[in-house]
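In: fold the following and give me the result.
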Amino acid sequence: MHWWTSIDLAHNDAKQANIFYAKDTLIDANINRSPSSYLNNPAPERAKYTYNTDKDMVQLKFVSIDGQPIGVINWYAVHLTSMNKTNQYISSDNKGYAGLLFEGAVNGAENMPGKGPFVAAFASSNLGDVSPNTMGARCIDTGLPCDFVSSTCNNRSQLCIAFGPGKDMVDSTRIIGEKQFQKAWSMYEKDNSELEPLEGPVQFAHQYVDMPNYSVQIQDAVNGPTTVKLCTPALGYAFAAGCVDGAGGFDFTQGTTSGNDFWDLVATALVEPSEEVQKCHAPKPVLISTGELSWPYAWHPNIAETQLLRIGQLMIAAVPGEFTTMAGRRLREALNSEAINNGGPSNIKTVIAGLSNVYTHYVTTFEEYQMQRYEAGSVLYGPHTLSAHLDQYKKLTRSIFKDEDLESGPAPPFLLDSQISLVPGVVFDRPAFGHEFGDCIVQPYPFVRPNETVTATFVAGHPRNNLMTEKTFMEVEAKQEDESWKVIRTDAHFDTFFFWERTSGVGQSEAHLRWIVPGDTPEGEYRISHFGHYKNIDGSIDPYSGTTQSFMVGAV
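Out: Model (predicted):
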């Protein structure tokens with residue numbers, strides 16, 4: 001679905017509704033992937049919290065005036081990195097799976113994913129340093145814990161990988177997704193009388209901000225109140241090191257606060273960081289001074305979007321980056337206090353909607369920044385980035401509760417007309433000799449049981465010929481008593497897999513389809529179909545389809 005299609009559908013289906021707020025705790029679905037950075041925060045501040053990640057799930061339940069459920073949106077801090085970087089499939093990861101489960105439970109199996117009237121959104125919050133790989137990081141060569149500060153094994157980031165909780169990445173995605181769904185469902189099932197209705201005005205504030213030129217007053221440990229300015233965007237060595245959810249390349253490591261002559265020389269092939277940039281970002285050693293790169297357009301945004309929404313006693317801070325746990329806590333606390341000090345209700349509360357609008361990488365606390373792990377190495381605007389966000393979002397809060405207008409701020413550049421693509425286009429497709437597009441050349445086994453995998457291979461065209469938006473590349477059908485076939489699965493289901501590959505340099509391709517038969521699948525006759533498009537030598541594009549022989553699913 002195109003983003004504008006989803007907005008259009010929502011707009012045309014708008015109706016009056018009540019919104020109910022709920023909050024509960026989900027303990028075992030996340031861990032902190034940079035605990036050494038977290039420990040660098042002040043001890044009194046850390047003592048206010050039981051855990052080094054946020055365990056609260058916040059959920060809004062939307063119910064129409066006539067009592068019909070419309071949807072839910074919830075926020076829980078965990079990265080969508082259950083599927084690791086070896087994954088070659090399009091995946092919405094653990095939160096996407098949680099949404100599929102929730103919508104399936106309300107809309108019923110008769111509605112395919114994304115086609116029912118009820119919408120469940122599992123949104124991101126302050127997940128910057130939060131991993132779903134709850135077994136933690138281990139050295140894959142020895143099984144021992146990784147180095148606590150650098151997350152290396154024998155000085156190599158690539159050997160330190162976070163795992164779990166499942167037997168593989170798909171199973172881990174399922175487990176973490178199910179945990180989020182189950183907690184969300186338990187809150188949803190409560191009677192509305194047990195939930196907190198949101199009551200009061202609906203307001204919002206939005207402002208563009210020139211981040212490198214943003215000045216903010218901080219409390220310096222030596223000099224007291226001091227005004228500082230943010231930096232032009234740059235990425236550090238720790239960014240290139242990656243993290244335990246996905247290591248980087250070469251010999252980069254987390255926790256690096258000094259440069260390397262070799263990599264400094266290599267980086268100058270792009271641009272040599274100015275002395276001003278290096279000084280501004282310290283102690284981060286600058287690897288790529290992205291703010292000084294402008295071809296074919298700016299590599300990182302100077303203009304960031306800041307936005308705050310209010311629904312009664314709830315504020316939603318739409319932040320343009322990935323806030324770490326403590327950075328998010330400071331923001332929520334600051335906005336709640338600012339609201340109350342400016343006439344807001346005593347029961348005001350704030351939820352962080354992370355990765356909203358333009359993406360500006362990570363936001364850490366000043367103390368975490370000194371440790372220069374992956375998250376800190378990825379902070380674009382220097383060590384005082386969080387202070388600027390606190391200042392700006394308090395400004396947005398005041399504008400809402402004082403009912404003041406804001407200047408829109410400097411307009412960001414319009415880059416849609418300047419986009420380039422490094423992906424080569426499809427030249428043409430042709431079927432393997434003796435076959436037509438859509439021919440099934442590897443048939444499923446004639447008999448399978450639940451929890452087993454059905455596979456099939458088709459002669460295919462390139463999937464980029466038609467992205468099948470609002471459609472599907474595959475279907476699983478079950479034979480009905482009247483001999484008709486009913487679609488029970490599409491490529492949007494978690495247990496179906498569509499994999500395409502070129503099999504020759506002259507336009508030949510195959511599509512490999514898999515279906516992991518769920519344990520509760522009824523006995524009966526099934527088949528799998530594939531849909532696609534092929535490109536002719538003259539550039540025209542035509543549809544094709546193909547279907548396997550039927551196969552039986554038996555009892556366990």
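
In: for stretch 28-35, which positions count as buried?
Out: By neighbour count on 16 or more other C-beta atoms under 10 Å, the buried set for stretch 28-35 is 29-35. All C-beta atoms are positioned from the backbone trio N, CA, C, and that covers glycine.

In: can you check stretch 202-217 too?
Out: Going by neighbour count (16+ other C-beta under 10 Å), the buried part of stretch 202-217 is 205-209, 211-212, 214, 216.

In: one more: stretch 248-264?
Out: By 16+ other C-beta under 10 Å, the buried positions in stretch 248-264 come out as 248, 252-257, 259-260, 263.

In: now swap in stretch 236-251 and tell me
Out: Buried residues in stretch 236-251, counted by 16+ other C-beta under 10 Å: 236-245, 247-248.

In: same check on stretch 462-474?
Out: For stretch 462-474, burial by neighbour count (16+ other C-beta under 10 Å) applies to 462-463, 465-466, 468, 472-474.

In: ditto for stretch 537-554
Out: Buried residues in stretch 537-554 (16+ other C-beta under 10 Å): 544, 546-548, 550-551, 553.

In: out of those, the closest to residue 494 would be?
Out: Of all these, residue 494 sits closest to residue 553, with 17.8 Å by C-beta to C-beta.

In: quick revisit: which among the buried residues of stretch 248-264 gets closest to residue 126?
Out: Ranked by distance to residue 126 (C-beta to C-beta), those are led by residue 254 at 19.7 Å.

In: picking that back up, among the buried residues of stretch 202-217, which pair sits farthest apart?
Out: Most distant of the buried residues of stretch 202-217, by C-beta to C-beta, are 205 and 212, 22.2 Å apart.

In: re the thing from before, farthest pair within the buried residues of stretch 537-554?
Out: Using C-beta to C-beta, the pair of these lying farthest apart is 544 and 553, separated by 26.8 Å.

In: domains in this structure, by residue range?
Out: What automatic domain parsing lists as the domains of the chain is 17-208+302-401, 227-300, 440-553.

In: save these as TSV, and put in distance to residue 5 and mean pLDDT too.
Out: TSV is the format used below for the domains of the chain (distance: least, C-beta to C-beta, whole Å; pLDDT from 0 to 100):
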stretch	distance to residue 5	mean pLDDT
domain 17-208+302-401	11	98
domain 227-300	27	97
domain 440-553	7	98
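
In: what's stretch 177-196 in contact with?
Out: Stretch 177-196 has contacts (C-beta atoms under 8 Å, 6 or more residues apart in numbering) with 18, 20-22, 24, 26, 28-29, 57, 59, 61, 63, 72, 74, 76, 78, 82, 93-98, 100-102, 105, 120, 122.

In: buried ones from those residues, can you make that a PyMOL selection?
Out: In PyMOL syntax, the buried subset of the contacts of stretch 177-196 is picked out as below (16+ other C-beta under 10 Å):
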select buried, resi 18+20+21+22+24+26+29+57+59+61+63+72+74+76+78+82+93+94+95+96+97+98+100+101+102+120+122
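
In: among the contacts of stretch 177-196, name the ones in strands.
Out: 18, 20-22, 24, 57, 59, 61, 63, 72, 74, 120, 122 (DSSP state E).

In: okay, those residues in a markdown table with distance to residue 275 next?
Out: Output for those, formatted as a markdown table (distance: C-beta to C-beta, whole Å):
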| residue | distance to residue 275 |
| --- | --- |
| 18 | 58 |
| 20 | 55 |
| 21 | 50 |
| 22 | 52 |
| 24 | 51 |
| 57 | 46 |
| 59 | 49 |
| 61 | 54 |
| 63 | 59 |
| 72 | 51 |
| 74 | 46 |
| 120 | 51 |
| 122 | 45 |
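
In: can you map out the helices along the stretch 251-400 of the chain?
Out: With DSSP state H, counting those that start in this stretch as the criterion, the stretch 251-400 of the chain has helices at 261-267, 275-281, 325-341, 366-371, 374-377, 385-401.
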